[in-house]
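[1] What follows is a predicted structure for the sequence shown.
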Amino acid sequence: MTAPAKTAGQHAWTALAVAAAVLMGAPAWAQNYPITPGQRSTAEQVAQMGVPLSELAPNAPDEYTVKRGDTLWAISGLFLRTPWRWPELWGMNMEQVRNPHRIYPGQHLVLEKIDGRALLRLRADGATPPADTIRVSPRTRVESLADTSIPTLQTHLIEPFLAEPVIIDEAALLQAPRIVAAPENRVLITRGDRAYARGLAATPLKQRVAGRDDDYRVFRNARPIKDPVTRAILGYEAMYLGKAALVRSESMQMVRAGNGKDENTIVPATIDILSAKEEMRVGDRLLPEPPREFLSYVPHAPSGPVSGTIVSVYGNAVSIAGQSQVVLINRGTADGIERGQVLAILKDGERKVDRSQPGERTDIKLPNERNGLLMVFRPFEKLSYALILEINDTVKIGDAVANPR
């Protein structure tokens, strides 16, 4: 590459170029994610060469100012045909950007094209990242500021599903704590109601303390998820109903029986229903509420070949999905699937009869065509939840997924 192009490369790419921010509201320190050796190697190569013009999006703008509400995925898509190729973007800015996981509203990006290669630089009048501390007089006090960098994706599309769907072994769910009764012989239980459960931690009369609630998620018996080809059961998806908080733990109490004798009797735990997506009833199960995670979603293509199928669309009795909906694929961590992987959605080719030759009728199948992209955000051993990022037509159960190239 010529010397001028190399110099431009050393002063090009902005933080746009890389990875991702955590869920909105995460503290600033949560965004210092490690860079993998593969990502760094790719970035170093691109830092010397730039990106071929053929990799640019057809309508890539010459300039762009980052705005509030932008996402890294959307901005990357403005400049590149393949938005998940963030290491190439970061490579153009290795000298300028010390923390490649952040891009802020107000930063001004300028696209340069030199010797058949594309470079991106941050214009000098672009906004600088906010300071990490503030000082208050007359006493000095240091506080972390809210992180204002933009996220990789619209995280509100994913956040509800981090606690809702769960893939679990059927035996484990059957052994989980269960609702055994509701006051006043009520059949259905909803938000604001009190209920009683067995199997929760048996520490006597453990009272709920403000700010230290023992929270649980409430699920209904799991349904089996089967592989569409082998028909093997890949796991069980438990139906999310809502949240409950422990008020008093299960205990034992001496109770006067009908025969006049005192007997040691079980007193179920007391729970309050905090939220209800659907009404609950006796027999529904409880699982501990996991700690909230601030996760990075760094879109990237799988390092090896992937071939799978959409086996479920999240939601009751739903078989067709659209933009920004969640689907379940029949590949998981056992198959090398990891959080952030981007896969192409392939629409099954139509079956037809070839009548083009007089007197002949031949059954044919048209090729599978790419219909969009999805990103895995919650992998389990044999199944993974994924968010539909882009779509040309509706997605249905049975559609194939594969590497995006």
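    Received it, and whenever you're ready, just let me know what you need.
[2] Tell me where the protein is predicted with low confidence.
    For the chain, applying pLDDT under 70 flags the ranges 1-50, 85-102, 124-153, 155-157, 159-163, 165, 201-213, 291-297, 316-318.
[3] per the record, what domains does it have?
    According to automatic domain parsing, the chain comprises the domains 3-122, 164-288, 307-402.
[4] quick one: which of those domains is nearest Ile158?
    With Cβ to Cβ as the measure, domain 307-402 is the member of the domains of the chain nearest Ile158 (5.2 Å). No exception for glycine: its C-beta is placed from N, CA and C like everyone else's.
[5] Next one: the nearest residue to Ile189 once chain neighbours are set aside from Ile179, what distance?
    Nearest residue to Ile189 in three dimensions, chain neighbours excluded: Met280, at 4.3 Å (Cβ to Cβ, 6 or more residues apart in numbering). Distance of Met280 to Ile179, computed by Cβ to Cβ, to the nearest Å: 6 Å.
[6] ok, back up a step: who are the neighbours in contact with the residue nearest to Ile189?
    Counting by Cβ atoms under 8 Å, 6 or more residues apart in numbering, Met280 touches Ile179, Leu188, Ile189, Thr190, Ala195, Val218, Leu241, Gly242, Ile273.
[7] how about it, phi and psi?
    phi -110, psi 170 (degrees, to the nearest 10).
[8] Report all helices and strands that the one helix or strand Leu119 maps to contacts.
    Assessed by DSSP states H and E, Leu119 sits inside strand 117-122. In terms of contacts (3 or more Cβ pairs under 8 Å, 6 or more residues apart in numbering; DSSP states H and E), strand 117-122 is packed against helix 3-10, strand 51-52, strand 108-114.
[9] how about a cut-off of 10 Å?
    helix 3-10, helix 37-49, strand 51-52, helix 86-91, strand 108-114 (3 or more Cβ pairs under 10 Å, 6 or more residues apart in numbering; DSSP states H and E).
[10] The following helix or strand past it pairs with which strands, and in what direction?
    In the C-terminal direction, the helix or strand that comes right after strand 117-122 (DSSP H and E) is strand 166-168. With DSSP bridges as the test, strand 166-168 is paired with strand 233-248 (antiparallel).
[11] tell me which residues of the strand it pairs with are tucked away?
    For strand 233-248, the neighbour count (16 or more other Cβ atoms under 10 Å) marks 234-244, 246-248 as buried.
[12] could the domains of the chain be laid out in a markdown table, adding distance to Ala301?
    Below are the domains of the chain laid out as a markdown table (distance: least, Cβ to Cβ, whole Å):
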| stretch | distance to Ala301 |
| --- | --- |
| domain 3-122 | 6 |
| domain 164-288 | 24 |
| domain 307-402 | 6 |
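[13] For Pro299, which of the ones you listed is the nearest?
    For the domains of the chain, the distance to Pro299 is smallest for domain 3-122, at 3.9 Å, taking Cβ to Cβ.
[14] show me where the stretch 201-350 of the chain has strands.
    214-226, 233-248, 251-256, 262-267, 269-276, 285-288, 307-313, 320-321, 326-329, 342-347 (DSSP state E, counting those that start in this stretch).
[15] Can you list the buried residues in the first one?
    Read that as strand 214-226. Residues of strand 214-226 classed as buried: Asp214, Tyr216, Arg217, Val218, Phe219, Arg220, Ala222, Ile225 (neighbour count, 16+ other Cβ under 10 Å).
[16] still on that earlier bit, CA atoms only for the strand holding Leu119, dumped as CSV, please.
    C-alpha atoms of strand 117-122 as CSV (Å, rounded to 0.1, in the frame of the first residue of the first chain):
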residue,chain,number,x,y,z
ARG,A,117,-9.5,1.1,-0.1
ALA,A,118,-11.8,2.6,2.4
LEU,A,119,-10.7,4.4,5.5
LEU,A,120,-12.8,6.2,8.2
ARG,A,121,-11.5,8.9,10.5
LEU,A,122,-12.9,10.9,13.4
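[17] Sheet partners, orientation included, of it?
    Strand 117-122 has the following sheet partners, assigned by DSSP bridges: strand 51-52 (antiparallel), strand 108-114 (antiparallel).
[18] Of those strands, which stretch is the most buried?
    With neighbours taken as mean count of other Cβ atoms under 10 Å, these reach their highest mean count in strand 108-114, at a mean of 17.
[19] Count the neighbours of Thr309 for me.
    Residues near Thr309, counting by other Cβ atoms under 10 Å, number 18.
[20] any idea how far it lies from Leu374?
    Distance of Thr309 to Leu374, computed by Cβ to Cβ: 12 Å.
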